[in-house]
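Student: Kindly return the folded structure for what I paste below:
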Amino acid sequence: MYEISDSMQSTGTSGCSREFLVSVELYVPAAASLGLRKPVVPRRKVDASKTEETPRSLKEKSSWISVARTPAGAGQWRPATCKLTDEDESCLLNIYVDETILYQTIYIHMLNHFDIRHADSSLFLRKNCMALASAGGQRWSSSANTEPIYLQFEDADTCNTWLVLLRSYSKPEIYGQTFVSRDGGLYRMWRQVELSILQGRNLGNHFKAQLDANASSATLSEGDPREADPADLDAFCEIHLNDNICARTTVKKGIGSPHWLENFSFSDLPPFETLEVTVWREKKLLKPMLLGSVRIALTNFRRSEAVEGWFPIIQAGGMGNGIQVGEIRMKLTVDEEIILPHNNYSGLLAVLRDRNVLEWMSDFERRLHLRTTSYQLMCIAIAKNALVENITEYADREVDSTPSSHNTIFRGNTTFTKTMELAMAFYGKAFLESSIGSTIRRICSEKIAIEVDPVRSGKGAKEVERGVDQLIHWSQEVWNQIYAVRSQCPHELRRLFEHVRKLVEKHYHTKDSQDPHNRELPWQSVSAFCFLRFIVPGILNPHLFGLYPGLPSARIQRSLTLIAKVIQSLANLNPNVQKEEFMRGIKDFLKQNLPAMVDYILVVSTPVQLDPYSPHSGHPAHSHQRLNVVSSLHERSTTMPVLERESIPLLPHVLDIPRHLARITSSVLRNARSTDTKGKSSERDSQYLSGLCAQCYDLEEQSLARVSQLAGVESYPISLKWDAPRITSTIPSAAPPSPASPSRIVDSRKVSRPYTAPSLSDLSVADQRKVSSDKITPSSPVPHDLSSLRRGSVSDVPSSQNVTSSPGERPSRAMNRPRFLRPKSISADSISSLASPAGAQSLHSSPQFQDIEASRKRKNVLQGILTKR
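Tutor: Numbers count the residues shown, from 1 in each chain. Have a look, this model is predicted:
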């Protein structure tokens, strides 16, 4: 059970300490478990009378799937207790096994934000896991273990709460903190990698690879003309970022060409280095065998541009020779954003508030052809607690514009229906898991194969009848679980469903109608969202909703399709209509469960006032445990600098508003320069878009000014810096430091400065030689022009109006440093070694020239955006 306790203890000059406790599952590697007692496994007597009953527990404690693939000699999961102690000068996380054995102590105040991240569920086939990466000097351990710490929490709410809590004591990636007193720095950085592993071909076939001496891996091949005999093997992939494993694919069987079709997203990453995808061959009763790998330098990718193609899989050989053992088709998108303080986005926020968020979504998709920005806009509306009101307002227009026929209401892909899908996926993720997650995983793990079509099966009437009975059985299992958790529908979704139901009742006067079809119309309008666009898609594609790892096999997919048809027929409230002849056998099932479906729709479309502290109240924001954490964060945030305070995500949904605004700005600027708008719009809409683009251009200029300001500052001696290098050593010390007195290890290796430049190919030859000879940041190419830090930006950057702090100001700020304003990476403030002050000054133009260029930019680009054709 998740507990948080406050203890006020007098510690002399150190002030008061605050403690937070939580019960978790801890992953203990095999080497570290040798010194621990073996966990006691209680023997349970199996009651034969209850073996076939469906368990009603909605929270699965151990694995989220019954079959877990773990390599031989892997570690084990054990119950543990985490105790976070907040002191004046440090923050310690003690991890206890068996309640009394201290397993490790992690010095949270020495970690970076990107060292504390969500762990992908594919690593252990477990949800709600967190990874803590720390080096030898950032932890104390009873054993020589340098692997990341993996913790699994009881639910997603607890996991998010502790993610925010731990990050509030760690170090954000802030640049310019040493030289600028206002806002606690100039800007912070955010990075993300989205990777889709699609399929492989010719796996296991060996032939020489053509290597490029300047590339980090083999050259991307467009297909080898030589024929090769395909190998029959089971293969899976492991994904490594900066040499740290982040995710795994499922094992796929294929004669040289397995299809994975699996998507991964890694957010809040450290400065980019390499992405490596290793391909393994699975063998029964033996350890997996490495086939080869694909190693990609992420610094060479243009930001926010998807790259898809066939990448050669190279098996390392002696003397630098590599052998290609196949190819893998992948899609990769690399994102990196400069995030300014929240106050810099006040103008953009004011423009966004002038309209309904759904109107912005419509314009972004129709006019600017931006289909991935709707999520960012929705997060901003959620943070303002305005999304539900915006959707209900837009729903009124949707119904008023619908023709008199009610057969097509809410059936098209409009802005309203798409936003409802986003809202249901955002608010109802845990609800969907409780509704169908466990049953769908049972179907997949037991490899249930259902077929009722005699043409497909080619079998007789008895086999078809047996298939119908099997379909009814599993449809009943799915429906029983859906109906059992109807009271757990989130409060936000209840409000949306209620508004839709009452809106249809009012518009079509269903209460006074004598037609039974009209009386059912309000219920059908709710099911058009709850089932047609939410639950049924989760049954059809469980891997897309995080309910099952990987794409199910063809036979299981057919079973899920048939079950989805039955549930959707039940949600349509018309058991007499069946398109396929072979589906008519389920008519009795539909008639029997029809009253329960009507009750379900009424429950999920009726908001109720429940105990806000109940775990199933539908009000996660009022969780008692989270309120204690939020109150602690609020108390401590008053002493934090602006950028450090804004780097802590907002609970309960872990939102970072400046980050969402920065992504919107980059998307608008990138697409505004390349999009030819063909949609029609009113003059008022054009004014809104003009104001939005003007704000985005202003933000771009502010970002460039801050980057040039940091680059133009001369390097100061390290002794004058508050910034300390990031600890990256993975070699434990001979004598581990005591938890009471953590040692600070300084690593000589520097992390390369983050940037958003495309690649070295954009530099001149002289600049490439200069960068390659730079010994300070050898692992990262550096743009020859600061304007290339943002895509499409002009070369003349206006000089910054911000005055850097003088050396005399630093001692006074050092005396008043707030708590936990800890050192940052020296590499963050070493940009002056990459661009001299003279080079920065050459970017500045006269004020008149700046005004002319800024006016010309806005005029030309805005005309291209808003021209009607």
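
Student: Return the distance of Glu273 relative to Leu627.
Tutor: Counting by Cβ to Cβ, to the nearest Å, the separation of Glu273 from Leu627 is 39 Å. C-betas here are computed from N, CA, C, even on glycine.

Student: now swap in Ile586 and tell me
Tutor: Distance from Ile586 to Leu627, by Cβ to Cβ: 47 Å.

Student: So those two - more neighbours on which side?
Tutor: Between Ile586 and Leu627, counted using other Cβ atoms under 10 Å, the more crowded position is Ile586 (21 against 16).

Student: I'd guess that one is in a strand, am I close?
Tutor: No. Ile586 is assigned helix when assessed by DSSP: H, G, I helix; E, B strand; the rest coil, not a strand.

Student: give the contact list for it.
Tutor: Ile586 makes contacts with 468, 471-472, 475, 566, 569, 578, as judged by Cβ atoms under 8 Å, 6 or more residues apart in numbering.

Student: count of neighbours near Lys253?
Tutor: For Lys253, the count of nearby residues is 11 (other Cβ under 10 Å).

Student: er, Ile245 I mean
Tutor: Other residues close to Ile245 by other Cβ under 10 Å number 16.

Student: what's the longest helix in this structure?
Tutor: For the chain, the helix that runs over the most residues, judged by DSSP state H, is helix 683-711.

Student: Pull out the buried positions in it.
Tutor: Buried residues in helix 683-711, counted by 16 or more other Cβ atoms under 10 Å: 685-686, 688-711.

Student: C-alpha coordinates for the longest strand anywhere in the chain, CSV please?
Tutor: Using DSSP state E to define each element, the chain has its longest strand at strand 322-339. The C-alpha trace of strand 322-339 is given here as CSV (Å, rounded to 0.1, in the frame of the first residue of the first chain):
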residue,chain,number,x,y,z
GLY,A,322,31.8,-6.5,-40.7
ILE,A,323,29.5,-9.1,-42.2
GLN,A,324,26.0,-8.2,-43.1
VAL,A,325,23.5,-10.8,-41.8
GLY,A,326,20.2,-9.3,-43.1
GLU,A,327,18.3,-6.0,-43.0
ILE,A,328,15.7,-4.5,-40.8
ARG,A,329,13.1,-1.9,-41.8
MET,A,330,12.7,0.9,-39.3
LYS,A,331,11.1,4.3,-39.0
LEU,A,332,12.9,6.8,-36.8
THR,A,333,12.0,10.3,-35.6
VAL,A,334,14.3,12.4,-33.5
ASP,A,335,13.0,15.4,-31.5
GLU,A,336,15.0,18.0,-29.6
GLU,A,337,13.6,21.3,-28.4
ILE,A,338,14.8,24.4,-26.6
ILE,A,339,12.3,25.3,-23.8
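
Student: Now do it: which elements does it pack against?
Tutor: Here strand 322-339 touches strand 187-201, strand 207-208, strand 274-282, strand 289-297, strand 307-316, helix 657-672, helix 683-711, going by 3 or more Cβ pairs under 8 Å, 6 or more residues apart in numbering; DSSP states H and E.

Student: In JSON lines, list the ones you listed along with distance to Glu173 and mean pLDDT.
Tutor: Putting these into JSON lines (distance: least, Cβ to Cβ, whole Å; pLDDT from 0 to 100) gives the following:
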{"stretch": "strand 187-201", "distance to Glu173": "5", "mean pLDDT": "95"}
{"stretch": "strand 207-208", "distance to Glu173": "42", "mean pLDDT": "50"}
{"stretch": "strand 274-282", "distance to Glu173": "19", "mean pLDDT": "94"}
{"stretch": "strand 289-297", "distance to Glu173": "20", "mean pLDDT": "93"}
{"stretch": "strand 307-316", "distance to Glu173": "25", "mean pLDDT": "93"}
{"stretch": "helix 657-672", "distance to Glu173": "12", "mean pLDDT": "92"}
{"stretch": "helix 683-711", "distance to Glu173": "13", "mean pLDDT": "88"}
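
Student: closest one to Val357 among the ones you listed?
Tutor: Among the helices and strands packed on strand 322-339, the nearest to Val357 by Cβ to Cβ is helix 657-672 (11.6 Å).

Student: Report all helices and strands that that closest one contacts.
Tutor: strand 322-339, helix 346-353, helix 374-383, helix 683-711, helix 847-866.

Student: Show me the one of these that comes nearest Ser143.
Tutor: Closest among those, using Cβ to Cβ: strand 322-339, at 36.4 Å.

Student: before we move on, the earlier item: save the helices and strands packed on helix 657-672 as CSV, and put in distance to Leu573 too.
Tutor: Shown next, in CSV, are the helices and strands packed on helix 657-672 (distance: least, Cβ to Cβ, whole Å):
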stretch, distance to Leu573
strand 322-339, 41
helix 346-353, 39
helix 374-383, 30
helix 683-711, 39
helix 847-866, 46
